[in-house]
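Undergrad: quick one: sequence and predicted model below, then my questions.
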Amino acid sequence: SSARLIISFVILKFLYSQYFVVGISLLPIIAVSTSLDCLIGIYLLVCRRFLDNKKLTVISIVRIILFCLCAFVLGYYFGINGVIYGILLSNIFTFIVYYYLVKHILKCNAS
């Protein structure tokens, strides 16, 4: 997460310097969100091996709907901060779902 924070800082400073003042406060949230997204990718690999594709498709559709709702509603009231928090909320939801699925898969395979 700290590497993502540093990389995001450098990108924000050099590529989007006009948004640096606003964006600097969002960097920790962005770093956590991208870290969760990487973990989701790892858990998804495990889930693809053991779960039906229909379940994974439903999870992805719910994630997209949740992202759109959160980003739209929070973005409407809080601007870019709301969109970033919407991304974070959808990643938290997806991470929790995949975490419990992988935990269940490992428990069933251990038995």
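TA: Sure, I can see it.
Undergrad: correct me if wrong: residue 59 contacts residue 94.
TA: Yes - in terms of Cβ atoms under 8 Å, residue 59 counts as a neighbour of residue 94; the distance is 6.9 Å. Heads up, the C-betas are built off the backbone N, CA and C, glycines and all.
Undergrad: of those two, which one has the most company?
TA: In terms of neighbours (other Cβ atoms under 10 Å), residue 94 is the more surrounded of residue 59 and residue 94; the figures are 23 against 19.
Undergrad: contacting residues for the more buried one?
TA: Counting by Cβ atoms under 8 Å, 6 or more residues apart in numbering, residue 94 touches 36, 40, 59, 63.
Undergrad: then residue 82?
TA: The neighbourhood of residue 82, defined by Cβ under 8 Å, 6+ apart, consists of 71, 73, 74, 75, 76.
Undergrad: among those residues, who's most crowded?
TA: If you count neighbours using other Cβ under 10 Å, the busiest of these is residue 74, which has 20 neighbours.
Undergrad: pretty sure that one contacts residue 90?
TA: No - using Cβ under 8 Å as the test, residue 74 is too far from residue 90 to be in contact (10.8 Å).
Undergrad: in this structure, which spans are helices?
TA: In order along the chain, the chain carries the following helices (DSSP state H): 2-15, 20-23, 27-50, 53-78, 80-110.
Undergrad: redo these as TSV? Include mean pLDDT.
TA: Formatted as TSV, the entries for these read as follows, by pLDDT from 0 to 100:
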stretch	mean pLDDT
helix 2-15	71
helix 20-23	76
helix 27-50	88
helix 53-78	88
helix 80-110	88
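Undergrad: returning to that earlier point: can you tell me which two in the contacts of residue 82 are farthest apart?
TA: Set against one another by Cβ to Cβ, those have their most distant pair in 71 and 76, with a gap of 9.2 Å.
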